[in-house]
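Q: Got a predicted structure here, sequence first:
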Amino acid sequence: MALLSSAIAQMEEFPQWALLPGKIKIKQHYKYDCGAACLASVAAFYGIYHSLAHIRMLCGCTPDGISIQGIIDGAAQMGLRAKGLLSKGKSIEGINTIALPAIAHIKDDGDYLHYIVIYSCGGRWMKIMDPATGKIEKIYKVDFEKKWTGYIITLSPDTGLKRGKTHTGRWESLKPIIMGNLKELLLTLAATAFCTGAAIGTTLLLQQIIDRILPQGDTVSLIAVSLVAAFLMLASLYAGYRASQYLIKCSICTECSLTASYVHKLFRLPLAFFDNYTSGDISSRRDDIHLIRSFITGGVIGIVTSLITLAGALGAMFLYNSRLATIIALFIPLYWVIYRVSGRINTKYGKEVATANAGLESAMLSSIPMASAIRHYNCGEFAAEKIGRKQIILAEKLQGSARAVNALETVLEGVSKLLVWIILSAGSFAVLHGEITLGELVGFYSLCSFFTIPVNDLIGASDTIARAKVAYERIFEILSLQEADEDEGTLSPIELEGDILINDLHFKYPGRASLFNGFSARIKKGEITRIDGDNGSGKSTLLHLIMRDFSPQGGEIYYGSINIMQFNGKKWRDMIGYVGQHPILMEGSILENIALGEVQPDIGRIMGICTRLDMDEMLKRFPQGLLTPVGNSGRGLSGGECQKICIARAMYRDARIYIFDEATSSMTAEGEECVAGCINFLKSEGKTIIYISHKRENRILTDNVVTIN
């Protein structure tokens, strides 16, 4: 443990008074983000608040989790100094000498690697924050020592630390949607409240009929009361119809607003986001939007209406008979306990079901594109079994949730029946003793339903609230992410020309080894430059840095004499035509994929580009020519044809810089020869060409070679 103690002794002291209290109880959303939750807890201890989604991006989280190096890299970007230390003997004595809180690496009871936060260590006990439960717990040191792998990460505030939130609050992101539909929500609430009042009024009329009108044989009063009851019924019928109309409109507007916000946010996020989330995680948020919409348009109205009904019923009960009303009021604490228990159970199972459902959806979405490979390797049973395991996990979570809900519903029904039995018994004795009339007992019994039904609805709403809360947390973690710095620069590169100069470049992905340490190169204007290097050396990463998909951690990339980070991101990328390793086609026609985003494309230019790429024969094979649908991700075309469409897309852009990353890997020799001719044509027009190719017999004539060691 000497290494641990000596390393801490060298750390700069930070004044304890500067530490700000924060919410340190952080529960992980997924099994693989315990490291992100621990870092969020320590950051909150020092007054820094980041969403888990943002921390996952900073740390380079993958479905396998976050490495220790990833936590250190993420902490540095949050303004925290972090060190990863190892106690070879796994002795915990040195933990007493280090600054806490610190993140420890352990193996949990299921022998899975896990992170926890140590907040205090003294005597026989340690106080930890376990992200699996999201709670502060006390454990014996001996138990910790058995689980500890010997690794620990110390963290302390760095100089110039900026405290506070780095993301908008949940209300801020939800407020525009609610305020935009506030009129419809209020009208729905008013109409629903009127229906409730009309129902209670009908009960009061029933009591008058039994106690006064029928015994007296008052025909005129009976007709008047009947007409009033008929009016209330017709009015409530119309109010219910209008409430349904308002809800339909509000529901559609809410879902459209949420979906639009989510989709627009997705396409403004940094490229690294899509490396941290599976397609199932992203697409499953659509189900979360449905839940949020249902809660806003139905749950909120139902809860408020139930509260109004409950208050009105209790008030009317106390007017009838205060003693019977007091008996009912005594049941309120019991109902409150059931509500709290129901809320905790629903929150717990809601997160587990949502996570399991995302896992199943991800397994399905990842297996479908591999259908041909699965068939050719005769591993259909294996693929089905893999998806089946995900389905079993989801079924187990659903079964556990259903059992818990069923038990709560049984308890709730039993309490409600007990309440009704007590009221009928006590009320009957009150009638016998002349304390209340028969009509008052019937009216009071009818009012009981206006108490028990809203109470049951409110307790049942805990499930809706819990599921909506989980859904909104999952949506909010996306909406709260910082967008890519598209508009960070103010300059426009349109009027500029020059070489691309890479100067002293430093870059690494979070949690991984460095790719560039002082790399420098020059890509000359109007020439063809090939990027060489071994697999994993960073060739494609260099191209992404040039396109500003990532930001360098050190050094600069210049276009002419100006750092590309000073350019407006969108305008800079408008100057680049990019063709990646894997041809990416959107759903639509060949024409739509070539003239991506254009409403009125130049058909003449497109046909000229297709002729230059020798695509005429391909188009003639399709009856619809350019209007032929490409199928799902281009499945209706060969790999070489997809690559030609992507190259045509880049050429149609008429960019100044063209980047080809293994753009001819699926082409025949003839196809590659044709593309080489197009690249030479682009060079003759003064375009700057950058390309990567692992083919030994490459037909593209190269002016310069940049080698990455």
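A: Arrived safely.

Q: Name the SS class of the closest residue to L545 other than its chain neighbours, please.
A: Nearest non-adjacent residue to L545, counting by CB to CB, 6 or more residues apart in numbering: P552, 5.9 Å away. Placement of C-beta: from N, CA and C, glycine included. The three-state label given to P552 by DSSP: H, G, I helix; E, B strand; the rest coil is coil.

Q: ok, P552 touching F507?
A: Yes. P552 is within contact range of F507, at 5.1 Å (criterion: CB atoms under 8 Å).

Q: List the contacts of the residue nearest to L545.
A: Listed by CB atoms under 8 Å, 6 or more residues apart in numbering, the contact set of P552 reads L505, H506, F507, F516, L545.

Q: In terms of pLDDT, where does the closest residue to I296 other than its chain neighbours sit?
A: Once flanking residues are discounted, I296 sits nearest to T254: 5.4 Å by CB to CB, 6+ apart. The model reports T254 with a pLDDT of 81.

Q: Repeat that for R163.
A: On the pLDDT scale, R163 is placed at 67.

Q: coming back round to it: in this model N181 seems to touch the residue nearest to I296, though I could be wrong.
A: Yes. The pair T254 / N181 is scored as a contact, 5.9 Å apart, by CB under 8 Å.

Q: tell me, what's touching the two both at once?
A: Shared contacts of T254 and N181 (CB under 8 Å, 6+ apart): I296, T297.

Q: Now do the SS call for I327.
A: Here I327 takes the helix state, with states given by three-state DSSP.

Q: Mark which of the contacts of P552 are buried, thanks.
A: Listed as buried from those are L505, F507, F516, L545; burial here means 16 or more other CB atoms under 10 Å.

Q: Give the partner strands of the host helix or strand of the third one in its sheet and their orientations.
A: For F516, the enclosing helix or strand under DSSP states H and E is strand 514-523. For strand 514-523, sheet partners with direction are given as strand 500-508 (antiparallel), following DSSP bridges.

Q: from the chain's centre, how far out does the partner strand sit?
A: Its chain's C-alpha centre and that of strand 500-508 lie 33 Å apart, by CA atoms, centre = their mean, to the nearest Å.

Q: quick check: mean pLDDT across it?
A: Mean predicted lDDT for strand 500-508 stands at 92.

Q: Just confirm A313 is within a helix.
A: Yes. Using three-state DSSP, the assignment for A313 is a helix.

Q: Correct me if wrong: it contacts S446.
A: No. Look at A313 against S446 with CB under 8 Å: they stay out of range, at 9.7 Å.

Q: So which of these two has more stuff around it?
A: Per other CB atoms under 10 Å, whichever of A313 and S446 has more neighbours is A313, with 26 against 18.

Q: List the contacts of the more buried one.
A: By CB under 8 Å, 6+ apart, the residues touching A313 are I200, L447, F450, F451, P454.

Q: and of the residues you listed, the nearest to K88?
A: Taking CB to CB as the measure, K88 lies nearest P454 of the contacts of A313, at 63.2 Å.

Q: would the closest one count as being in a helix?
A: Yes. Looking at P454 with three-state DSSP, it is inside a helix.

Q: Now it. Nearest residue, chain neighbours left out?
A: S306 (3.8 Å).

Q: Kindly report the same for I689.
A: In space, I689 comes closest to I528 once its chain neighbours are excluded; the distance is 4.3 Å by CB to CB, 6+ apart.

Q: Name the helix or strand of the protein that has the lowest mean pLDDT.
A: helix 2-9 (a mean of 40; mean pLDDT, DSSP states H and E).

Q: Render the CA-only coordinates of the helix or strand following that helix in CSV, please.
A: Next helix or strand after helix 2-9 toward the C-terminus (DSSP H and E): helix 34-45. Output in CSV follows, covering the C-alpha atoms of helix 34-45 (Å, rounded to 0.1, in the frame of the first residue of the first chain):
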residue,chain,number,x,y,z
CYS,A,34,-22.0,2.0,-12.6
GLY,A,35,-18.7,3.8,-13.3
ALA,A,36,-20.7,6.8,-14.7
ALA,A,37,-23.0,6.8,-11.6
CYS,A,38,-20.0,6.7,-9.3
LEU,A,39,-18.3,9.6,-11.1
ALA,A,40,-21.6,11.6,-11.0
SER,A,41,-21.8,11.0,-7.2
VAL,A,42,-18.3,12.3,-6.6
ALA,A,43,-18.9,15.2,-8.9
ALA,A,44,-22.1,16.1,-7.0
PHE,A,45,-20.1,15.9,-3.7
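
Q: average pLDDT across the helix or strand just after helix 34-45?
A: Per DSSP H and E, the first helix or strand lying C-terminal to helix 34-45 is strand 48-49. Average pLDDT, strand 48-49: 83.

Q: Y46 against L80, yeah?
A: Yes. At 7.0 Å, Y46 counts as touching L80 under the criterion of CB under 8 Å.

Q: Is S342 located within a strand, as I assumed?
A: No. Using three-state DSSP, the secondary structure at S342 is helix, not a strand.

Q: What score does R522 have for pLDDT?
A: For R522, the predicted pLDDT is 93.

Q: scratch that, M1
A: 41.

Q: Could you give the secondary structure assignment for I136?
A: Following three-state DSSP, I136 is assigned to strand.

Q: The closest residue to it other than its chain neighbours in helix, strand or coil?
A: Leaving aside its sequence neighbours, I136 sits nearest to M129 (CB to CB, 6+ apart; 5.5 Å). Secondary structure, three-state DSSP: M129 is strand.

Q: Perfect, I'm done here.
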